[in-house]
Structure formats: structure tokens, C-alpha cells
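>>> Show me how the following folds:
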Amino acid sequence: MSACVLAGLAAGVVANASASASGHAARHRLRRAGLRLRVLRLVRHTVEGSFVVATKHGFVTVTVARGSLVSQSGGELTLNEGTRTKTYRSGVSLTLPATTVVANNGRRSTLGSLTPGERVIVLEGPHRAMVLAHTPAAG
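Predicted structure coming up:
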């Protein structure tokens with residue numbers, strides 16, 4: 001009888017430990033999800049800035065610019081930085097390398113295909129640049 005009691009007690013301890021571990025994992029996942037949401041909110045509201053990223057080869061500076069495209073010529077873009085409703089700075093010129101990756105309306109594209117009035121986000125690092133563009137919805 002005491003063997004049955006000990007076996008039951010051991011099973012209860014193991015069940016409690018696994019429930020506690022899964023509860024900890026769930027709390028950790030929720031915290032990470034909350035952090036991701038805060039970071040996404042920050043990124044979504046970022047208009048202009050630079051930040052330093054640690055890589056396995058050292059630190060690199062990445063710059064971000066977001067706004068409405070005014071003009072495009074070769075590898076140079078001119079933007080009005082800001083949101084859809086407010087302008088932070090007008091006439092900001094960015095010179096991008098020929099290797100810039102461009103996505104326009106979700107499809108791979110080129111700098112030459114960008115048209116004035118499109119909303120763009122430019123991410124530029126020391127060796128690479130990326131432009132994400134989309135045509136704003138009418139209305």
C-alpha cells in the first residue's frame with residue numbers, strides 16, 4: 001500500500017513540475033510576443049533614424065528613412081519624410097548603391113520603376129540597401 005501511495009505522490013510531483021515548466025514557457029512566449037509587438041509598433045511609427053547592430057564581424061550602423069517619394073534619378077531618391085498625414089522633412093536626398101534590393105507592391109522591382117507619390121521605406125547598411133515601396137490606396 002505504501003508503494004502505491006509513493007507512486008501516486010511521485011506522479012503528482014512530476015505532473016506539477018511539468019505544469020509549472022509549461023506555465024513558465026507560456027509566460028516566456030507571451031513576454032516575447034509582447035516585446036515583438038512593441039518593436040513592430042516602434043518600427044511602424046519610425047520616420048527617420050539610425051541604429052547600431054551587433055554582427056559576428058563587429059558593429060554596423062543601419063539607417064532608416066520613410067516617406068513619400070518625390071523623385072527618382074538613377075540611384076538617387078528624393079523623399080518627403082513623414083507619415084501619410086504629416087511631413088517631418090521635405091526634399092531629403094538618398095544616394096543608394098546599384099545593388100539595392102527593391103520591392104514595389106510586394107514584388108521584386110528596380111529603382112527605375114518607382115514613381116512619385118509612392119510610399120517608401122529605405123533601409124541602408126554599410127554594404128546593402130533595401131527599398132520597400134507601395135502605391136497608397138486612393139481615398
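
>>> Would you mind confirming that Arg128 makes contact with Val122?
No. Applying Cβ atoms under 8 Å as the test, Arg128 and Val122 come out as separate, 11.6 Å apart. All C-beta atoms are positioned from the backbone trio N, CA, C, and that covers glycine.

>>> Looking at these two, which one has more neighbours?
Set Arg128 next to Val122 and count neighbours by other Cβ atoms under 10 Å: Val122 wins out with 24 against 14.

>>> In this protein, spot the strand with the most residues.
Counting by DSSP state E, the longest strand found in the chain is strand 58-73.

>>> Okay, buried residues for that strand please.
65-69, 72 (16 or more other Cβ atoms under 10 Å).

>>> Tell me the one among those residues nearest to Thr46.
Arg66 (6.6 Å; Cβ to Cβ).

>>> All the strands of the chain, residue numbers only.
Using DSSP E, strands in the chain cover 48-55, 58-73, 76-82, 87-95, 101-104, 107-109, 119-124, 129-134.

>>> Ranked by average pLDDT, which of these falls at the bottom?
Lowest mean pLDDT of the strands of the chain: strand 48-55, a mean of 88.

>>> That one vs strand 87-95, what angle?
Strand 48-55 runs at 50 degrees relative to strand 87-95, counting by axes from the mean of the first three to the mean of the last three Cα atoms, to 10 degrees.

>>> Which elements pack onto strand 48-55?
strand 58-73, strand 87-95 (3 or more Cβ pairs under 8 Å, 6 or more residues apart in numbering; DSSP states H and E).

>>> if we compare the ones you listed, which one ends up closest to Ser109?
strand 58-73 (11.6 Å).

>>> quick check: angle from that closest one to strand 48-55?
Using the same axes, to 10 degrees: strand 58-73 against strand 48-55 is 140 degrees.

>>> angle of strand 58-73 against strand 119-124?
140 degrees.

>>> Tell me the strands beside strand 58-73, with direction?
strand 48-55 (antiparallel), strand 76-82 (antiparallel), strand 119-124 (antiparallel) (DSSP bridges).

>>> could you dump these to CSV with distance to Leu42?
Listed next are those as CSV, based on distance: least, Cβ to Cβ, whole Å:
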stretch, distance to Leu42
strand 48-55, 10
strand 76-82, 16
strand 119-124, 14
